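**Student:** Sequence plus the predicted model coming up.
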Amino acid sequence: MAIGALRPQQKPVSNTVAITVAALLVLTVISPGTISAGELTSPLTLASAQWAGFDLIITFREGVCFTLPGDAGYMVYERNDSSGARHLCVSSHNNPELAFELLVDVFRLDQDAMTPIDVLGRSILSAGYRAKVVSSAGIDVAGFSGFDLTVRGLSFDRQIPLTDLRAVFLTDLRVGILFTLVERQHRPDEHAKALNSILATLRPAPDDGGNA
């Protein structure tokens, strides 16, 4: 179900291995036109995925997209949380444990159901004095405005992260976008750089594609 991003900068073990892997990727991944995540492994239901060179563009039907660098080794998948809500997830592993999991939610603000930002607010209120704000700031990206909040001691999906939880909420007053990075290994500088690089690629999606 997960998509392993390509690693073009990684040195191959041998020329034979490199040629074999490249051939398999060409046969199973590269094809004319839009390549959806479903053609790579299993279907994404919340967004579509398209390769652009070695990078992977994730496009939501709500009209926003972002890009994942192919050499970062991220895994892309969807999962349901304990309440049954479905999230698009990007995770990073380090020797070989999970380093962080990034949940990405895109939603219309005028929907009647509880939104991910409502759930985050409820979690903060429920945590009370146990939650410690590490940092908070306003943020503007590609015409979207919102906040960038890092909290410690906050329960998320009925679990307390081992270290920090960073939530970046952006909106154009029509659509809300919530990036929630849950640390499993405490590498704040490294993980901040990873999320910042993803946020820098956020933009409105082209009108001619992106629906899952």
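**Tutor:** On my side now, so go ahead. Keep in mind that this is a model prediction, so the values were computed, not measured.

**Student:** Tell me where the model's unsure across the protein.
**Tutor:** Low-confidence regions of the chain, defined here as pLDDT under 70, cover residues 1-42, 112, 158-162, 207-212.

**Student:** how about the helices in it?
**Tutor:** Counting by DSSP state H, the chain forms helices over residues 15-28, 37-40, 116-127, 188-199, given from the N-terminal end onward.

**Student:** now residue 194, nearest residue through space, not along the chain?
**Tutor:** In space, not counting the residues next to it along the chain, residue 194 is nearest to residue 92; the distance is 6.6 Å by Cβ to Cβ, 6 or more residues apart in numbering. For the C-beta atoms, the positions are set from N, CA and C on the backbone; glycine is no exception.

**Student:** need the contact list for the closest residue to residue 94 other than its chain neighbours.
**Tutor:** Excluding the flanking residues, the one nearest residue 94 by Cβ to Cβ, 6+ apart is residue 185, at 6.0 Å. Contact criterion Cβ atoms under 8 Å, 6 or more residues apart in numbering gives 94, 97-100, 162-163 as the residues in contact with residue 185.

**Student:** Quick check: the gap between residue 186 and residue 152.
**Tutor:** From residue 186 across to residue 152, the span is 10 Å (Cβ to Cβ, to the nearest Å).

**Student:** partners of the most centrally placed residue in the chain in the sheet?
**Tutor:** Ranked by distance to the mean C-alpha position of the chain (Cα atoms, centre = their mean), the top residue is residue 90 at 4.1 Å. Each beta-bridge partner of residue 90 is listed here, defined by DSSP bridges: residue 76, residue 102.
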